[in-house]
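build the 3D model from these lines:
(one chain, ligands or ions: 1)
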Amino acid sequence: MKPENSSIENVIIIGSGPAGYTAALYTARANLSPLLIAGSLDPKTSRIKGGQLMYTSDIENFPAGVRAELSEDEFQGLHLDSDAGADYIAGLTGLSGPNLMKRMEAQARHFGARMVEEFVTEIDICSAPGEYYVLQTQSGKEYRAHAVIIATGAAARTLGISAEEKFFGQGGGVSTCATCDGHSYRGKNVAVIGGGDSAMEEASYLARLVNKVYLIHRREEFRASKIMLKRAEENPKIEFLLNKVVADIKGKPHPAAAHNKFFEGKENVAAAVLKDMQTGETSEVPLDGIFVAIGHTPNTELFKGQLCMDEAGYLIYDQHLRALPSPTCENAKMRSLEYVPGVFVAGDVADHVYRQAITAAGMGCAAAIEAERYLAENLASEKGIPPEALDISMQSIAQSHWSSERDAAGDKPVIERVEEVAEVCAIEHNK
Ligand SMILES: Cc1cc2nc3c(=O)[nH]c(=O)nc-3n(C[C@H](O)[C@H](O)[C@H](O)COP(=O)(O)OP(=O)(O)OC[C@H]3O[C@@H](n4cnc5c(N)ncnc54)[C@H](O)[C@@H]3O)c2cc1C
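Numbering: from 1, shown residues only. Predicted coordinates:
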């Protein structure tokens with residue numbers, strides 16, 4: 001039996017990383033009263049409330065969120081009045097990952113987003129596409145929504161040795177993101193672990209900043225494309241250590257402990273102990289940082305058999321951030337659709353290229369505007385949502401205009417990519 005409309009949320013957002021909180025902020029400001037299912041409070045899961053940035057200390061590349069001390073002259077150059085200036089400086093110093101996420105949460109709540117600290121264990125997308133979607137959480141609660149924004153993120157793969165956990169994030173010296181943390185290793189010696197394109201890219205990127213990069217790979221063959229491999233091989237700052245795995249990581253007292261209480265009694269990376277895969281011998285390489293680049297796993301288990309994914313499990317979407325149906329979905333009507341109406345994707349769950357907080361937040365904003373437009377256009381009258389609940393803002397109207405212009409112009413690169421990858425998805429799922 002079809003549920004009463006009143007028991008159906010306008011929009012549910014799954015995930016509380018930068019993508020989820022930004023989507024919540026925008027849909028809340030559009031009067032949609034969004035419900036955000038935030039994830040778990042357990043820090044040991046990839047579903048931690050706040051997302052991946054909960055594991056890092058300084059965020060220096062989120063606009064307006066840098067950790068920097070400005071000189072009096074630089075400060076004057078900003079032409080801020082003194083009160084705003086004081087706040088600005090306070091914001092500039094010490095913006096940690098958890099701090100940034102708390103601010104995002106507070107801002108979304110302030111504008112009316114509702115949140116539950118649970119994780120989704122099941123979702124039914126296939127049964128009634130375009131009608132409503134049913135979600136279940138770990139406490140057994142059931143939620144229904146006309147629109148869903150999937151912002152479940154991804155988790156970097158790790159080496160799985162205990163020392164790695166000890167030194168991971170918070171200035172410990174083990175990282176999974178060169179773009180994020182490479183800046184802290186200027187003039188130092190680091191290692192990149194992995195043999196794929198990401199490892200080559202991270203090594204080449206780091207070589208521009210650091211003194212030396214060791215590229216450590218367990219085999220002699222590489223998954224990386226020839227061009228990426230060649231670029232890394234030709235870089236004089238990169239030395240390849242092949243047939244080796246990191247067996248252990250040694251630490252030294254954290255140098256920041258002298259002036260920052262947070263680091264008292266803590267250690268950071270001093271060396272990697274390597275095991276040779278052919279001889280079994282071990283050796284030690286002195287290092288300041290270790291970048292693990294062995295891939296990411298998108299949090300898409302929930303959507304298998306319902307939504308289209310690429311080989312690595314990333315969700316595929318069209319130019320309106322709409323998810324595409326899986327060819328193995330049980331409902332034939334769903335299989336015949338070009339996209340899944342009302343289901344949008346945002347952030348690292350669908351982006352294996354940029355993987356940054358700002359790009360995730362940008363996608364969260366875009367997915368929210370698309371969801372708002374979808375609800376306004378397709379559901380308001382049909383489903384009896386009171387028009388006043390939908391603030392069809394100038395943003396939406398502009399967006400409609402912009403979209404039709406964009407469609408008319410033919411957004412070739414995006415469409416081609418969607419078609420190409422959807423084909424891969426079909427092949428994968430039909431195997
Ligand atoms: C150590 C580290 C340092 C980084 N540093 C930087 C940096 O300095 N600058 C930068 O721009 N980027 C940085 N990044 C990358 C950045 O964190 C990600 O790009 C960004 O967090 C992606 O945001 P997201 O919202 O897409 O997903 P995530 O942050 O991964 O959030 C996903 C959310 O989904 C939730 N979730 C997952 N499954 C479920 C479920 N079943 N039910 C409910 N909720 C669920 C999780 O709880 C989480 O809240 C760093 C990443 C790491 C790991």
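
ok, the residue of the stretch 301-431 of the chain found nearest the ligand to Gly15 distance?
Per CB to the nearest ligand atom, the residue of the stretch 301-431 of the chain with the smallest distance to the ligand is Gly347, at 2.2 Å. Where C-beta positions appear, they are placed from N, C-alpha and C, glycine not excepted. As judged by CB to CB, to the nearest Å, Gly347 and Gly15 stand 7 Å apart.

so who does the closest residue to the residue of the stretch 301-431 of the chain closest to the ligand other than its chain neighbours touch?
The shortest distance from Gly347 to any non-neighbouring residue, by CB to CB, 6 or more residues apart in numbering, is to Ala19 (2.8 Å). Shown in contact with Ala19 (CB atoms under 8 Å, 6 or more residues apart in numbering): 151, 153, 346-349, 360-361, 363-364, 367.

ok, now Glu164?
158, 174, 246, 249, 292.

in the protein, which ranges drop under the pLDDT threshold?
Within the chain, the stretches with pLDDT under 70 are 1-6, 43-46, 57, 65-94, 170, 379-431.

can you give me the helices for the stretch 1-150 of the chain?
Counting by DSSP state H, counting those that start in this stretch, one finds helices in the stretch 1-150 of the chain at the ranges 18-29, 72-77, 82-92, 97-110.

no, scratch that, I was asking about the stretch 251-400 of the chain
332-336, 357-374, 394-409.

quick check, the residue in the stretch 151-300 of the chain closest to the ligand?
The stretch 151-300 of the chain approaches the ligand most closely through Gly153 (2.1 Å), counting by CB to the nearest ligand atom.

count of neighbours near that residue?
Counted by other CB atoms under 10 Å, the residues lying close to Gly153 total 31.

ok, it touching Gly347?
Yes. Counting by CB atoms under 8 Å, Gly153 does reach Gly347; the two are 5.9 Å apart.

which neighbours do these two share?
Common neighbours of Gly153 and Gly347 are listed as 15, 17, 19, 360 (criterion: CB under 8 Å, 6+ apart).

just those that are near the ligand?
Restricting these to those touching the ligand (CB under 6 Å from any ligand atom) yields 15, 17, 19, 360.

ok, and the most crowded of those residues?
Ala19 (34 neighbours).

and Ser127, how far is that from Val210?
Look at Ser127 and Val210: by CB to CB, they are 52 Å apart.

so for the two, which sits in the more crowded spot?
Val210 (21 against 15).

now the residue nearest the centre of the chain. Nearest residue, chain neighbours left out?
With distances taken as CA atoms, centre = their mean, Asp348 lies nearest the centre of the chain, 3.2 Å away. Distance criterion CB to CB, 6+ apart; nearest residue to Asp348, sequence neighbours excluded, is Ala154 at 4.1 Å.

again with Tyr143
Leu135 (4.7 Å).

go on, Met363?
Using CB to CB, 6+ apart, the nearest residue to Met363 is Ala346, at 4.0 Å.

show me what contacts that neighbour?
Per CB under 8 Å, 6+ apart, neighbours of Ala346: 19-20, 22-23, 149-151, 321, 360, 363-364, 366-367.

about what we covered before: now do the residue of the stretch 301-431 of the chain closest to the ligand against Thr279, distance only.
Using CB to CB, Gly347 is found at 43 Å from Thr279.

and these two? Which one has more around it.
Gly347 (33 against 8).

wait, what's in contact with the more buried one?
For Gly347, counting by CB under 8 Å, 6+ apart, the contacting residues are 15, 17-20, 151, 153, 359-361, 363-364.

that one and Lys49: what is the separation?
15 Å.

dihedrals phi and psi, Ala162?
Residue 162: Ser, not Ala. Torsion angles at Ser162 (phi, psi; degrees, to the nearest 10) stand at phi -70, psi -30.

what is the burial count for it?
Residues near Ser162, counting by other CB under 10 Å: 9.
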